[in-house]
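Engineer: Okay, predicted coordinates and the sequence, questions at the end:
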Amino acid sequence: MSHASSAPPSRPSSPAPLYRRSSARIACVQYDVKLGRVQENSAKVESLTQHLQPGSIDLLVLPEMCLSGYIFNNPTSILPYLEPQRIGPTSLLARSLAQRLKCHVIAGYPEALPSAPQPFRSSSSSSKRLNLMSEGNAGPDEMKQLDGEGTGVGHNSALVVGPTGEVIGNYRKTFRFETDKNWAREGDGFMHFDLPDPLGRVAVGICMDMNPKDFIAPWDAFELANYCRDNSVDMLVVPMNWLSPPAEPPNETPEEDPQSPSESNLNYWAARLQPLHDPVPGYTTPRGEVSDPLEGKEVIFVACNRIGTEEGTKFVGTSSVMTISSNPSRIELVECCNISEERVMIATVT
């Protein structure tokens, strides 16, 4: 894909693919998440989505760590924001939205381990934890005492909620960005969930999962895209905190138009999905064999990113929905946000 614009391109009239018998209506909530302001961020999501009518969408997606913010520089700093499954602030918000809108919801959150420190319990040991947290100076030994192992205090996760408000899935980020490694454990691997029509088989990744592992793995390993191809997914949903790429000396990053999407990132995401639109032999394909389990069917890619600046780091928005097929080889940008706007982007894939 050599060019993308903020306006969705025209789509030819065509029947829905056999695996998707009706149009898929997908909403991404792009907004400026404020670090540590959970209630404020939750209220912002409620405000942005209040105009949506029940039954008007099939899927609502929120960004990675959508209520806590993202940049936590040590395990101690994130302890107050770790959430248990199903009953944490993100789960409660997602379940409420799903019930009100009669749709599925996917949202990112910092998941607590069952053995994670509980900073708000009233005991002498908890008082010690609170003192460590307020001072912000717990070292490796103290953290080892806090979480029992010293190998991370939680997971960077995303939950999947059904229209009745039930939590039907939980995915833990597989490839950790350097910020995640400050506190999060590695997940158990990529996952997908079989959801009702028109969503189908939905794989969930989180931000760094789009990249080569640790930026060290071969480019053509295409770990997440190959997982989607090999498991014949219908949709890939990726909550993100995607950054503006740093400048490489001696060049400086050119100033981007705040009213436009980041074309470089749209192109990058499309390139990372190559096995879904150009399934040539690669890293995981035996020599002489061309494997295309998707057999040319269309896959929907959903990127839900945030905007704003956090701890000096800028996020590039550009939440988007693309459709991808390998036969014929095609990528189409259905809808996207620019790099600065707060809005609910709605894309209808027919």
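Structural biologist: Done, it's in.
Engineer: the strands in the stretch 1-150 of the chain, which residues?
Structural biologist: With DSSP state E, counting those that start in this stretch, the ranges of strands along the stretch 1-150 of the chain come out as 24-30, 59-61, 104-112.
Engineer: Likewise for the stretch 151-300 of the chain?
Structural biologist: Applying DSSP E, counting those that start in this stretch to the stretch 151-300 of the chain gives strands spanning 154-161, 167-172, 191-194, 201-204, 235-239, 299-304.
Engineer: rewinding a little: put together a markdown table for the strands of the stretch 1-150 of the chain, with mean neighbour count on each row.
Structural biologist: The way it works is simple: take the backbone N, C-alpha and C, and place the C-beta from them, glycine included. As requested, these are exported to a markdown table (neighbours: other Cβ atoms under 10 Å):
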| stretch | mean neighbour count |
| --- | --- |
| strand 24-30 | 25 |
| strand 59-61 | 26 |
| strand 104-112 | 27 |
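Engineer: export those strands to JSON lines and tack on distance to Gly152 and mean pLDDT?
Structural biologist: Converted to JSON lines, those look like this (distance: least, Cβ to Cβ, whole Å; pLDDT from 0 to 100):
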{"stretch": "strand 24-30", "distance to Gly152": "28", "mean pLDDT": "98"}
{"stretch": "strand 59-61", "distance to Gly152": "26", "mean pLDDT": "99"}
{"stretch": "strand 104-112", "distance to Gly152": "11", "mean pLDDT": "98"}
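Engineer: JSON lines for those, including distance to Trp183?
Structural biologist: Shown next, in JSON lines, are the strands of the stretch 1-150 of the chain (distance: least, Cβ to Cβ, whole Å):
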{"stretch": "strand 24-30", "distance to Trp183": "25"}
{"stretch": "strand 59-61", "distance to Trp183": "24"}
{"stretch": "strand 104-112", "distance to Trp183": "8"}
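Engineer: Relative to Val299, which of those strands is closest?
Structural biologist: strand 24-30 (11.4 Å; Cβ to Cβ).
Engineer: picking up where we left off before, relative to Val45, which of the strands of the stretch 1-150 of the chain is closest?
Structural biologist: Closest to Val45 of the strands of the stretch 1-150 of the chain is strand 24-30 (Cβ to Cβ; 5.9 Å).
Engineer: quick revisit: I'd like the strands of the stretch 151-300 of the chain as TSV, with distance to Asn226, mean neighbour count and mean pLDDT appended.
Structural biologist: Shown next, in TSV, are those (distance: least, Cβ to Cβ, whole Å; neighbours: other Cβ atoms under 10 Å; pLDDT from 0 to 100):
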stretch	distance to Asn226	mean neighbour count	mean pLDDT
strand 154-161	20	27	98
strand 167-172	17	19	98
strand 191-194	13	18	98
strand 201-204	11	22	98
strand 235-239	12	28	98
strand 299-304	13	26	98
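Engineer: Please render those as CSV that adds distance to Pro110 to the earlier fields.
Structural biologist: Output for the strands of the stretch 151-300 of the chain, formatted as CSV (distance: least, Cβ to Cβ, whole Å):
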stretch, distance to Pro110
strand 154-161, 5
strand 167-172, 11
strand 191-194, 18
strand 201-204, 16
strand 235-239, 12
strand 299-304, 17
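Engineer: Of those, give the one that comes closest to Lys44.
Structural biologist: Across these, Lys44 has its closest neighbour in strand 299-304 (14.5 Å, Cβ to Cβ).
Engineer: Quick check: what element follows that closest one along the chain?
Structural biologist: Note on strand 299-304: by DSSP states H and E, the next helix or strand toward the C-terminus is strand 307-310.
Engineer: quick check, distance from the very next helix or strand once past that following strand to the centre of its chain.
Structural biologist: Once the chain leaves strand 307-310, the next helix or strand it forms, by DSSP H and E, is strand 313-316. How far strand 313-316 lies from its chain's middle: 15 Å, per Cα atoms, centre = their mean, to the nearest Å.
Engineer: Flag every buried residue along strand 313-316.
Structural biologist: Within strand 313-316, the residues scored as buried using 16 or more other Cβ atoms under 10 Å are Phe315, Val316.
Engineer: Would you mind listing where the protein has pLDDT under the threshold?
Structural biologist: Filtered on pLDDT under 70, the chain yields the residue ranges 1-21, 115-150, 246-254, 281-296.
Engineer: Would you tell me which of the strands of the stretch 1-150 of the chain gets closest to Asn74?
Structural biologist: Minimum separation from Asn74 across these (Cβ to Cβ) falls at strand 104-112, 13.5 Å.
Engineer: Can you check what angle separates the closest one from strand 24-30?
Structural biologist: Interaxial angle of strand 104-112 relative to strand 24-30 (axes from the mean of the first three to the mean of the last three Cα atoms, to 10 degrees): 40 degrees.
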